[in-house]
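1. dropping the sequence and predicted coords here.
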Amino acid sequence: MVFHDVICVDKLMVHVNLLYMLIQLADIVIMYDIYFPQDYFAKWGEEGVVDLKDELNHILMLIASRCLLGNEFRESLHGNEVREKPFGEIYTLFSGIEEGVNLVSFMLPYFPVPANHRRDKARIRLTEIVYDIMRSRKTCGRVEEDVLQKLMDSRYKDGRRTTEAAVAGMIIGLIFAGKHTSSNVSTWTGACLLTHTKFLDAVVEEQREIIRKYKDKIDYNVLSKMETLHSCIKEAGRMHPVTLGLIRQTEKNINVRTKEGTEYGIPKGDTLVNLVMLTSKLSHIYKDPEVYDPYRFHPGREEDKVGGKFSYAIFGGGIHVCPGEAYAFLQIKIIWSHLVRNFELKLTSPFSKTDWSKFVLEPKGKVLVNYKRRRLESN
Ligand code: HEM
């Protein structure tokens with residue numbers, strides 16, 4: 001029971017279905033979760049201090065649980081005592097999986113250390129929970145609108161139905177792939193915005209403009225108008241990629257030419273690594289790469305296109321490119337548009353360093369933010 005089981009179950013199947021499923025997810029996110037930040041942040045007081053990293057992790061778990069796993073999960077996470085016992089068993093189980101997928105366990109997945117043990121136990125228990133939900137849906141003939149249901153109803157190309165084990169593996173893999181990455185990029189977005197007032201002001205101004213045109217309405221169309229916020233998220237991802245590197249094996253001999261014109265060959269079977277945290281800071285692609293500058297993606301500059309289609313590889317590239325990119329932007333935009341409309345925020349802890357010990361890179365330590373309620377008006 002290792003890493004591979006956790007995230008690599010039936011990739012082919014994931015690819016056949018995921019793209020169209022994640023497109024449908026946009027609707028689900030909007031139907032159920034547009035209103036969700038309101039519920040969640042209603043629990044914050046008039047003013048106070050929170051650990052943004054922790055809060056965003058929680059809210060993204062709730063969104064993932066509703067959109068991917070469905071109502072049954074969401075309800076069990078929500079419970080009656082949301083603040084006191086926020087996420088109960090399922091949240092703890094997913095944390096167990098995340099903590100058990102670190103650099104050591106990547107190299108030594110079977111090594112008998114507590115993190116690996118907790119990860120494997122969590123995976124077994126989560127699988128049982130997913131099985132119970134699938135069986136209860138089948139027994140009662142209940143059909144829900146979520147990714148779990150789509151996977152349950154899917155068939156392979158040759159007509160075979162998906163097995164319970166494959167569905168459970170894929171759903172756990174999806175949450176693993178999507179929740180933690182989105183919560184880290186959301187946290188970095190906040191840390192970057194709150195330390196760069198010029199861009200925070202631009203995001204606030206954009207929200208005012210949107211409120212003027214669309215009032216409180218939020219739908220796919222309104223979210224797609226949030227271009228400044230989109231670029232701020234994209235730039236936070238470039239500055240603080242969640243992945244160390246992308247690994248590929250060459251299927252044939254290839255020749256590569258450097259920008260200086262030197263050519264060299266790479267033999268078939270070699271393993272190549274794109275170190276995203278380096279390639280996203282190349283100065284011949286990104287002007288002043290260490291500077292947080294979301295406008296670098298705007299028309300007229302479009303620096304992410306300068307070095308070809310893999311210049312911006314925060315979501316990977318090629319056949320294994322992240323299928324959740326659009327969904328990730330949707331949920332992060334929903335959260336941050338709600339935050340800037342309803343709160344004045346100030347970062348009170350020093351800007352976090354990256355925690356390099358994690359498999360999915362994240363801000364190290366707490367990200368403390370002081371908040372005060374406000375109601376953003378259009379003028
Ligand atoms: C800001 C958030 C996210 C970031 C930065 C991110 C980043 C990545 C990266 C770097 C890869 C590897 C791509 C490659 O090897 O070329 C990947 C793969 C993947 N991501 Fe995401 N991701 C995010 C959100 C999501 C979400 C929300 C989902 C689904 C709900 C998701 C599902 C997946 C899956 C299934 C894969 C494996 C694709 C494959 O190997 O074929 N991701 N992601």
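-> Perfect, I can see it now.
2. hey, let's count contacts and neighbours off CA atoms from now on
-> Fine.
3. excluding its backbone neighbours, what's nearest the residue of the stretch 51-200 of the chain found nearest the ligand?
-> Residue nearest to the ligand within the stretch 51-200 of the chain (Cα to the nearest ligand atom): residue 178, separated by 3.2 Å. Leaving aside its sequence neighbours, residue 178 sits nearest to residue 324 (Cα to Cα, 6 or more residues apart in numbering; 6.9 Å).
4. same deal with residue 125?
-> residue 93 (7.7 Å).
5. correct me if wrong, but residue 145 is in a strand.
-> No. If the criterion is DSSP: H, G, I helix; E, B strand; the rest coil, then residue 145 is coil and not within a strand.
6. distance check, it against residue 298.
-> For residue 145, the distance to residue 298 equals 36 Å [Cα to Cα, to the nearest Å].
7. can you check residue 173 too?
-> Per Cα to Cα, residue 173 is found 34 Å from residue 298.
8. of these two, who's got more company?
-> residue 173 (19 against 13; other Cα atoms under 10 Å).
9. quick one: the helices in the stretch 201-350 of the chain?
-> 220-224, 227-239, 276-279, 325-342 (DSSP state H, counting those that start in this stretch).
10. what's the most buried one of those?
-> When the helices of the stretch 201-350 of the chain are scored by mean count of other Cα atoms under 10 Å, the highest mean neighbour count falls to helix 227-239 (a mean of 22).
11. got a list of contacts for it?
-> 185-186, 188-189, 192-193, 199, 202-203, 206, 277, 280-281, 290, 292-295, 297-298, 312, 314, 329, 332-333, 337 (Cα atoms under 8 Å, 6 or more residues apart in numbering).
12. any idea of the mean pLDDT in that helix?
-> The average pLDDT within helix 227-239 is 98.
13. ok now that helix, how far from the chain's centre?
-> 13 Å (Cα atoms, centre = their mean, to the nearest Å).
14. next, the buried residues of whichever strand or helix holds residue 174.
-> Using DSSP states H and E, residue 174 sits in helix 164-194. Across helix 164-194, burial judged by 16 or more other Cα atoms under 10 Å covers 164, 166-194.
15. and for stretch 124-136?
-> Buried-residue list, stretch 124-136, by 16+ other Cα under 10 Å: 126-127, 130-131, 133-134.
16. can you list the domain ranges for the protein.
-> Listed domain ranges for the chain are 3-196+339-373, 243-279 (source: automatic domain parsing).
17. now the helix or strand that contains residue 93: average pLDDT?
-> According to DSSP H and E, residue 93 maps onto helix 88-99. The pLDDT scores in helix 88-99 average 84.
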